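1. My questions concern the predicted model and sequence given below.
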Amino acid sequence: MRILIVEDETKIAESIRDVLSHSGFVPEISTDGEDAWFRGSTEDYSAAILDIGLPKLDGLSVLRNWRNEQVNMPVILLTAKGSWSERVDGIDAGADDYLVKPFHMEELIARLRALLRRNGTDKKTQFRAGPLLLDTRQMRVSVDGSPINVTPLEFKLLNFLLHNRGRVISQEELATNIYFQDQEPDSNAVEVLLGRLRRKLKTDIIQTRRGFGYIIEEHDK
Ligand code: CA
């Protein structure tokens with residue numbers, strides 16, 4: 001499930017991203033309100049985690065704009081400590097839940113899961129492309145029914161490509177989306193990781209578009 005994280009404080013944004021991707025989600029970070037508004041309106045996310053204090057456009061305005069445009073994904077607001085009026089405004093603007101900063105990552109994940117469950121969007125935990133099956137609850141991968149032993153990083157890479165299937169993903173985009181904040185993403189590492197993963201999968205499901213990046217094609221089933 002793709003989750004949009006809107007937060008201008010890099011450290012917080014990256015820790016949320018790491019925790020989410022570790023829990024089987026496919027997180028993406030947006031660092032200002034205008035970009036977030038645009039992405040939420042044009043892309044398909046299962047939920048958004050939205051900070052209120054943002055550059056260019058504040059979180060409450062982003063949320064109002066989305067709701068006016070019938071963008072109905074569940075939204076968890078991140079609010080400042082002690083500001084009850086922000087929370088009231090947030091609920092008025094169409095937020096589904098809120099968390100007061102600083103919060104525990106475990107609580108964020110629990111709230112997010114509860115929200116997705118309420119919305120009935122958590123039912124899909126298995127994703128297929130041709131012979132490939134990926135289970136984001138059990139963190140398992142199989143090809144033609146045979147389980148494949150993958151590392152957490154390989155799982156994240158496959159999960160990201162599968163959630164973006166039908167679209168060519170550059171090495172740079174892969175690197176920024178699958179590495180943890182304390183690791184320096186570099187495209188060479190992505191290539192090595194991909195090579196290893198392909199050997200394990202023993203199928204050409206991940207294709208290379210020379211000069212552009214990688215793609216898992218849409219499959220009928
Ligand atoms: Ca902020």
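-> That came through, no problem. Numbers count the residues shown, from 1 in each chain.

2. switch to C-alpha atoms for all contacts and neighbour counts from now on
-> OK.

3. so how far is residue 204 from the most centrally placed residue in the chain?
-> When CA atoms, centre = their mean is applied to the chain, the residue found nearest the centroid is residue 27 (1.8 Å). Going from residue 27 to residue 204 by CA to CA, to the nearest Å gives 25 Å.

4. Any idea which helix or strand in the protein has the lowest mean pLDDT?
-> helix 171-178 (a mean of 80; mean pLDDT, DSSP states H and E).

5. just to revisit the earlier point, give me the pLDDT for the residue nearest to the centre of the chain.
-> Here the pLDDT value assigned to residue 27 is 93.

6. Contacts only, for it.
-> If you count contacts by CA atoms under 8 Å, 6 or more residues apart in numbering, residue 27 has them with 2-5, 17, 20-21, 177.

7. does the residue in the chain that the ion sits nearest to sit in a helix, a strand or a coil?
-> Closest to the ion within the chain is residue 53: 4.1 Å, counting by CA to the ion. What DSSP: H, G, I helix; E, B strand; the rest coil gives for residue 53 is coil.

8. That one touches residue 59, doesn't it?
-> Yes: Residue 53 is within contact range of residue 59, at 6.2 Å (criterion: CA atoms under 8 Å).

9. From the neighbour counts alone, determine which of these two ranks first.
-> Taking neighbours as other CA atoms under 10 Å, residue 53 and residue 59 compare with residue 59 leading, 27 against 19.

10. Would you list the phi and psi of residue 71?
-> The phi/psi pair for residue 71 (degrees, to the nearest 10) reads phi -80, psi 110.

11. ok, back up a step: for the residue nearest to the centre of the chain, phi and psi?
-> The phi/psi pair for residue 27 (degrees, to the nearest 10) is phi -90, psi 150.

12. list the contacts for the residue lying closest to residue 52 once chain neighbours are set aside?
-> Using CA to CA, 6 or more residues apart in numbering and skipping residues adjacent in sequence, the residue nearest residue 52 is residue 59, 4.0 Å away. Going by CA under 8 Å, 6+ apart, residue 59 touches 33, 50-53.

13. Could you report the neighbour count for residue 20?
-> With other CA under 10 Å as criterion, residue 20 counts 22.

14. do the helix or strand hosting it and the ion meet?
-> Residue 20 belongs to helix 10-22 when assigned by DSSP states H and E. No: judged by CA under 5 Å from the ion, helix 10-22 makes no contact with the ion; its nearest approach is 9.2 Å.
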